[in-house]
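[1] 3D, please:
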Amino acid sequence: MKRLLFIVTEDWYFVSHRLDLAIAAIDSGYTVALLSNISTHRGLIESKGIEIIDWSLDRRSRNFISEFRSIIGVVKAIRHFKPDVVHAVAMKPVLYTALATRITGIKARVYALAGLGFIFSSQKKMARLLKPFFVVAFRWALKGHKSRLILQNQDDVALLLNYRVIEKNRICLIRGAGVNTELFSPQNKLSAIPLVVLSGRLLWAKGPEVFVKCARLLKSKGISVRFALVGEPDAHNPESIPVTQLHEWVNEGVVEWWGRRNDMPDVLRQAAIVCLPTTYGEGLPKALLEAASCGLPIVTYDVPGCREIVINDVNGYLIPKNDEQGLFAAVEMLLNDSLLREQMGKAGRELVLNEFSQKKVADETIKVWDGLTS
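    So this is what the prediction gives:
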């Protein structure tokens, strides 16, 4: 029986983005383990037959000693579990796994980047300074005829090919983490007052400030509508929005903040529109996959990842990046036209069923693992 080790920073992320993939791996005959920083999801993960190996990793740490310990943690996990293939997700796990697999001699390595994140999307000085170092580091990390890189959109593929990070024949384009189309289904519980939702990590680059501006404008016009931010700040990300700022917006009375929710299907069934004015380095936002699967129209910026799931004028609106007025107008148009919302929602649901189901993503990923271990 083949042995597969997932390496993921946080257990909550594994549960939301990779748990169903791990279950599919088990169903395909793999023995599966997870190396991660375990907080509250141990019971759920272990109940699925997945071995847990605790890993202490701070995604934002720059302390050499703690980072060295994190690398040693990967080495120890590999020596303990003896995987046939490792599957590392996100930048730090990819780099640390690359080093650990060279130490331990593991050849079959799958690296997954769910977007290129802060380093490649931000224009801040820190990001511009770090980018050349990350390009060199990834060129080294991704070497090896049995290493594969999974990316979620064509824009990221083109960018990394342009930087000559990896050869094209070792890139696997798998669009997103997939969505459970039975769980996320159109069973709307709409209230008399339409609800517009932004869900995900609350980072400046994901557009909550623009979302709040939209709420202010439309409410100032006398439109009866609610706006809800669903998610939490990410203290490990330099783009994280302070909790004090979130409370200021709530106290202003223009938006609600619901925090992180574990019942997203129910949240989305209350919504009329999902709006994500992101400029972040997205892979393929799971929040938009879930919205489309629930039959909701989407308003978002025309940026990598988002344009994979939204077809302009079909299941939502792709607004030119940073065109706030265009975004506000699109949300207002949908609020004023329930038939248009219904038509776009149906188109989005059909798109997900055809191209973004969990089964499709799992089948494509298992094919990558099998190709490296056969």
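
[2] please make it C-alpha for all contacts and neighbour counts, starting now.
    OK.

[3] for the stretch 201-350 of the chain, which segments count as strands?
    With DSSP state E, counting those that start in this stretch applied, the stretch 201-350 of the chain shows strands at 226-230, 256-257, 273-276, 298-301, 316-319, listed in chain order.

[4] mean confidence score for the third one?
    Pointing back at strand 273-276 there. Average pLDDT, strand 273-276: 98.

[5] neighbouring strands for it, and are they parallel or not?
    Sheet pairing for strand 273-276, assigned by DSSP bridges, gives strand 195-199 (parallel), strand 298-301 (parallel).

[6] can you give me the pLDDT of L151?
    For L151, the predicted pLDDT is 95.

[7] beta-bridge partners for it, please?
    Applying DSSP bridges to L151 yields these beta-bridge partners: L173.

[8] highest mean neighbour count out of the strands of the stretch 201-350 of the chain?
    Most buried of the strands of the stretch 201-350 of the chain, by mean neighbour count (mean count of other CA atoms under 10 Å): strand 298-301, with a mean of 28.

[9] that older thread, now mean pLDDT and distance to D155 too, for the strands paired with strand 273-276, in JSON lines please.
    Rendered in JSON lines, the data for the strands paired with strand 273-276 read as follows (pLDDT from 0 to 100; distance: least, CA to CA, whole Å):
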{"stretch": "strand 195-199", "mean pLDDT": "97", "distance to D155": "23"}
{"stretch": "strand 298-301", "mean pLDDT": "98", "distance to D155": "14"}
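
[10] then stretch 225-235 to PDB, C-alphas only?
    Coordinates of each C-alpha in stretch 225-235 appear next as PDB, following Å, rounded to 0.1, in the frame of the first residue of the first chain:
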ATOM      1  CA  VAL A 225     -29.300  45.700   1.900                       C
ATOM      2  CA  ARG A 226     -27.000  44.000   4.400                       C
ATOM      3  CA  PHE A 227     -23.300  43.400   3.900                       C
ATOM      4  CA  ALA A 228     -21.500  40.700   5.900                       C
ATOM      5  CA  LEU A 229     -17.700  40.000   6.300                       C
ATOM      6  CA  VAL A 230     -17.300  36.300   7.000                       C
ATOM      7  CA  GLY A 231     -13.900  35.200   8.100                       C
ATOM      8  CA  GLU A 232     -11.000  36.200  10.400                       C
ATOM      9  CA  PRO A 233      -7.800  38.200  10.100                       C
ATOM     10  CA  ASP A 234      -4.600  36.200   9.500                       C
ATOM     11  CA  ALA A 235      -2.100  37.300  12.100                       C
END
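
[11] got the contact list for that stretch?
    Judged by CA atoms under 8 Å, 6 or more residues apart in numbering, the contacts made with stretch 225-235 from elsewhere in the structure are 193-203, 208, 212, 215, 218-219, 240-243, 254-261.

[12] out of those residues, which are buried?
    Burial by neighbour count, 16 or more other CA atoms under 10 Å: within the contacts of stretch 225-235 this picks out 194-203, 208, 212, 215, 218, 240-241, 254-257, 259-260.

[13] returning to that earlier point: in JSON lines: the strands paired with strand 273-276, plus distance to M126.
    What follows is the strands paired with strand 273-276, written out as JSON lines (distance: least, CA to CA, whole Å):
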{"stretch": "strand 195-199", "distance to M126": "27"}
{"stretch": "strand 298-301", "distance to M126": "24"}
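
[14] and of these, who's closest to L268?
    Closest approach to L268 among those is made by strand 195-199 (7.9 Å; CA to CA).

[15] between that closest one and strand 226-230, how many degrees?
    An angle of 20 degrees separates the directions of strand 195-199 and strand 226-230 when computed by axes from the mean of the first three to the mean of the last three CA atoms, to 10 degrees.

[16] show me the contact partners of strand 195-199.
    The list of residues contacting strand 195-199 from outside it, by CA under 8 Å, 6+ apart, reads 208, 211, 225-231, 268, 270-276, 287.

[17] export the strands of the stretch 201-350 of the chain to TSV and tack on distance to F133?
    As requested, the strands of the stretch 201-350 of the chain are exported to TSV (distance: least, CA to CA, whole Å):
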stretch	distance to F133
strand 226-230	34
strand 256-257	37
strand 273-276	30
strand 298-301	29
strand 316-319	32
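
[18] that older thread, for G144, find the nearest of the strands paired with strand 273-276.
    When those are compared by CA to CA, strand 298-301 sits nearest G144, at 36.3 Å.

[19] find the residue closest to L116 in space, skipping its chain neighbours.
    For L116, ignoring the flanking residues on the chain, the nearest one in space by CA to CA, 6 or more residues apart in numbering is G281 at 5.0 Å.
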